[in-house]
Every structure is written in structure tokens, then in C-alpha cells.
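Q: no sequence for this one, just the structure:
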């Protein structure tokens, strides 16, 4: 993990110095939004297990079901989300998914307020909300990647994907630390509201970025040449 964190820091330092070519500085707003929203995600998900056990009173089996619901929902929707994003505007899908996810964060607090005692209804409601979070993640991941690839042109796309992973990872690390500390100091409600604010801020940073659709062009293939006729080198009959 330390080695991976170091590699991410190297990417971010290169980005800050502007030593990489191929990405206009105006498009760095995307990476800023990515960092902010990654912080928001982990401000929520960092202390989320503690909230499920101590705040909602779920059993170990209940916590497992809540996480399983998210994993199943996102896995089932990844392929279909890619189809939707490909034929629509990835920027719009990206921002819309972020705003829906921000509303879902508040939904967790509302469910915990309504169901004050541990029950199967509480477990089912939290599992349903986390499944919806998984659905938004399926659309977020595909839309954000395609949006970035259409913002960046040429050979810099490989580096851009490296920056994407580096900044998302560092934002997640910062969000986990911030979310844990905030949860201990201020409780679940303020922590989840902070997470929602960060996700909305990430969406707002994306709004001014111009979206320029780039049609897909398959790589040119070399021409197919007909095989040259072989020259006879000797008798082909029986000896």
C-alpha cells in the first residue's frame, strides 16, 4: 500500500508541475472534481461499518447483506451502464449520478431516524439504499472514465488514466481519515452531511467543463496482400 501511495504521489506531483503534455490546464478541473467527490465518498463509507453496527444496531449478518446488496447491484449494472453512457452524454450521466448519490447519503440518516430499533425492515431499507448506491457507482465509473477519455486526446490518454486512479486513490485515503475523525467528533449526521456537501461540490466543479464528443475511430489496419505465387524449384512428380 505504501508503494502504491508513493506512485500516486509521483503522478500528482507531475500533474502539479505541469510537466506532462497533452492535457490542457483547463481540463484539470475534472481531476479536481474527481478528488473532491472521492473525498466525499470515503467520508461516508469510511465510518459506514461503525454506523451500521453502533448507529443502526445491525448484526454481522445484516452488515454483510447491506454490503452484498451494493456489490450485486453494481456488478449487474456495469455492462448496461456502459451501453447507456456510450449513446448519451457522459457528462450529464456523471453529474446526475453524483447528485442522486448525494441524496441517497441523506436517505441513510432518514432510515436510521425512522427505524429506531434494529429490525428486518431497517436492514432491508439500508440494503436497498446501498444497492441504489451501487447502481450509481456503476454509472459513475463508466461515465467518468469515458468523459475523461473524450476530454483528453492523443497519446496523453494513458497518462490521464494514471492520474485518474492516483487522484481517486488519494482522495479516498483523505476521505477515510477525515470521515473517521469527523464521525468520532461530530457523529453520523454531520459526517454524512459533510459527505453529501463534498459530492455536490464535485458535481458543481464539473458543470463549467465543456463536453466535446469525439467520434470513435477504429485503428487503421495494414492492407491485406495476396500471397505471391511460389516458384517451382524442381520436379513435383514421383521419383
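A: Noted; the coordinates are in hand. Because the structure is predicted, anything quoted here is derived from the model rather than measured.

Q: Tell me the first helix or strand C-terminal of the helix or strand harbouring residue 72.
A: Element membership of residue 72, judged by DSSP states H and E, is helix 60-87. Following helix 60-87 in sequence order, the next helix or strand is helix 90-114 (DSSP H and E).

Q: now that next one against helix 60-87, angle please.
A: For helix 90-114 against helix 60-87, the angle by axes from the mean of the first three to the mean of the last three CA atoms, to 10 degrees is 160 degrees.

Q: buried sites along the next helix or strand after helix 90-114?
A: Sequence order places helix 120-151 as the next helix or strand after helix 90-114, per DSSP H and E. By neighbour count with 16 or more other CB atoms under 10 Å, helix 120-151 contains the buried residues 122-127, 129-148, 150-151. From N, CA and C alone the C-beta is placed, and that goes for glycine too.

Q: got it, and stretch 200-209?
A: Buried positions in stretch 200-209, judged by neighbour count with 16+ other CB under 10 Å: 200-203, 205-206, 209.

Q: between the lengthiest helix in the chain and helix 90-114, how big is the angle?
A: Scanning the chain for the longest helix, with DSSP state H as the assignment, gives helix 157-206. Relative orientation of helix 157-206 versus helix 90-114 (the same axes, to 10 degrees): 60 degrees.

Q: So for helix 157-206, mean pLDDT?
A: The average pLDDT within helix 157-206 is 93.

Q: Could you check the angle it makes with helix 120-151?
A: Angle of helix 157-206 versus helix 120-151, following the same axes, to 10 degrees, is 120 degrees.

Q: Give the other helices and strands that helix 157-206 contacts.
A: Applying 3 or more CB pairs under 8 Å, 6 or more residues apart in numbering; DSSP states H and E, we find helix 157-206 packed against helix 2-17, helix 28-45, helix 90-114, helix 120-151.

Q: what's the closest of the ones you listed to residue 82?
A: Closest of these to residue 82 is helix 120-151, at 4.8 Å (criterion: CB to CB).

Q: What helices and strands are in contact with the closest one?
A: Packed next to helix 120-151, using 3+ CB pairs under 8 Å, 6+ apart, are helix 28-45, helix 60-87, helix 90-114, helix 157-206.

Q: chain center to the last one, what's the gap?
A: Its chain's C-alpha centre lies 11 Å from the corresponding centre of helix 157-206 when counted by CA atoms, centre = their mean, to the nearest Å.
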